[in-house]
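**Q** need a structure here:
(one chain, ligands or ions: 1)
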Amino acid sequence: MTIRAVVKGIGHYLPERVVPNSWFEDRLDTSNDWIVSRSGIERRHFAAEGQTTSDLATRAANNALEMAGLSANDIDAIIVATSTADLTFPSAATMVQGALGNTRGFAFDIQAVCAGFVFALANANALILSGQAQRVLVIGAETFSRIMDWTDRGTCVLFGDGAGAVILEAQDGAGTTADRGILATDLNSDGSYRDILYVDGGVSTQSTGVLRMEGKEVFRHAVEKLADTAHKALAKTGLGSDDVNWVVPHQANIRIIQSTAKKLGVGMDRVIVTVQDHGNTSAASIPLALSVGVSEGKIKPGDLIVAEAIGGGLAWGSVVLRW
Ligand code: ACO
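**A** Alright, predicted model coming up:
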């Protein structure tokens, strides 16, 4: 018998305000055509004034709890993947814990930028396999609209706000790839790429800062590293691209998603795409895409899923799981 971290529930939340590409046309030297053709993004959601990352995270978490038929105190651990926490401390995760009314267990944040949710899933899996938690609430939540340079047309048109949440539960498996749950993970980072994607401020520099990105360089690394990490995680299971029902990629750019799928040998009919509606929501993008994939009836119990992401650091990784 093998312990597996199995998905028990999923939910998401998007702020009410939808911002179409035309909003930027009125403010910057840009066009809907450029944004759609270079990124695939048509619209994104922005949080309302005063609405914070932990607010979005709590709503997504409540939706996941409802789907799982669980209450807040059934959860042993809460992990929030975010780069845009409400406060320097306490963690967004403990704020979610308080808002949910969870009075037991433990909560902490993970910061691996756009790869954050994959890193959080891998950590939740480790907590479950080591017996430290039976049920882990894993959330990706961001308010990237708070760290945009609104004069930089190369970045501010690309990002959005949102949150997605997954509940993982310890269940007995047979130890084969037919088991439901997380089957393999692969995590990587390389700090020598710091300067191609970063925020030029932070606590220690006494400013919030705004996002800076060398888009072309990030693009080049993304296609190469995403395909590589997905291949490595799949290789750990002995399964191949033909076995994959759904690739659920980080939603940064449709061209990265298409190029990576091609390198993986997976047709776009087996890729969940939400970038047109959400933009790049960083750590929230994969759980949002998973949740939309489930609610649209695409992802079904038993499906083999590969989730892959890359972000600032650079940090990148992937998870293979059977839904
Ligand atoms: N509207 C119109 N023109 C624009 C815009 C815009 N919004 N933005 C840039 N341009 C111009 C540039 O100024 C440039 O003009 P020039 O040729 O006169 O200098 C031209 O368009 C081409 O710019 P590029 O940057 O070369 O365009 P590219 O095709 O590379 O697309 C993009 C840019 C969309 C940013 C792409 O490089 C990309 O998606 N990169 C990866 C982003 C990513 O994956 N991030 C993931 C991680 S995010 C995280 O971790 C937080």
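**Q** neighbours of the closest residue to residue 22 other than its chain neighbours, just the number please.
**A** Spatial nearest neighbour of residue 22, chain neighbours left out: residue 32 (6.1 Å); criterion: Cβ to Cβ, 6 or more residues apart in numbering. The way it works is simple: take the backbone N, C-alpha and C, and place the C-beta from them, glycine included. By other Cβ atoms under 10 Å, the residues close to residue 32 number 16.
**Q** for the ligand, see how far away residue 32 is.
**A** Separation of residue 32 from the ligand (Cβ to the nearest ligand atom, to the nearest Å): 10 Å.
**Q** shouldn't that residue be in contact with residue 23?
**A** No - the pair residue 32 and residue 23 does not pass the contact test of Cβ atoms under 8 Å, sitting 10.0 Å apart.
**Q** name the helices or strands packed onto the helix or strand residue 258 falls within?
**A** Assigned by DSSP states H and E, residue 258 belongs to helix 254-264. Judged by 3 or more Cβ pairs under 8 Å, 6 or more residues apart in numbering; DSSP states H and E, the packing partners of helix 254-264 are helix 32-39, helix 215-237, strand 246-249, helix 275-278.
**Q** check whether the longest one contacts the ligand.
**A** Right, helix 215-237. Yes - Helix 215-237 reaches the ligand (Cβ under 6 Å from any ligand atom) through 215-216, 218-219, 222.
**Q** in terms of secondary structure, what does that helix contact?
**A** Using 3+ Cβ pairs under 8 Å, 6+ apart, helix 215-237 sits against strand 181-189, helix 254-264, strand 304-311, strand 315-322.
**Q** let's see that with 10 Å instead.
**A** helix 32-39, helix 116-129, strand 181-189, strand 197-199, strand 246-249, helix 254-264, strand 304-311, strand 315-322 (3 or more Cβ pairs under 10 Å, 6 or more residues apart in numbering; DSSP states H and E).
**Q** give the rounded mean pLDDT of the fourth one.
**A** Think strand 197-199. What strand 197-199 shows for mean pLDDT is 98.
**Q** report the buried residues of it.
**A** The neighbour-count check on strand 197-199 (16 or more other Cβ atoms under 10 Å) flags 197-199 as buried.
**Q** tell me the one among these nearest to residue 278.
**A** residue 197 (18.9 Å; Cβ to Cβ).
**Q** not counting sequence-adjacent ones, nearest residue to the closest one?
**A** Leaving out its chain neighbours, the residue that sits closest to residue 197 by Cβ to Cβ, 6+ apart is residue 312, at 4.3 Å.
**Q** try residue 2
**A** The shortest distance from residue 2 to any non-neighbouring residue, by Cβ to Cβ, 6+ apart, is to residue 175 (3.8 Å).
**Q** how close does the residue nearest to residue 208 when sequence neighbours are not counted get to the ligand?
**A** Spatial nearest neighbour of residue 208, chain neighbours left out: residue 201 (5.2 Å); criterion: Cβ to Cβ, 6+ apart. Distance of residue 201 to the ligand, given as Cβ to the nearest ligand atom: 15 Å.
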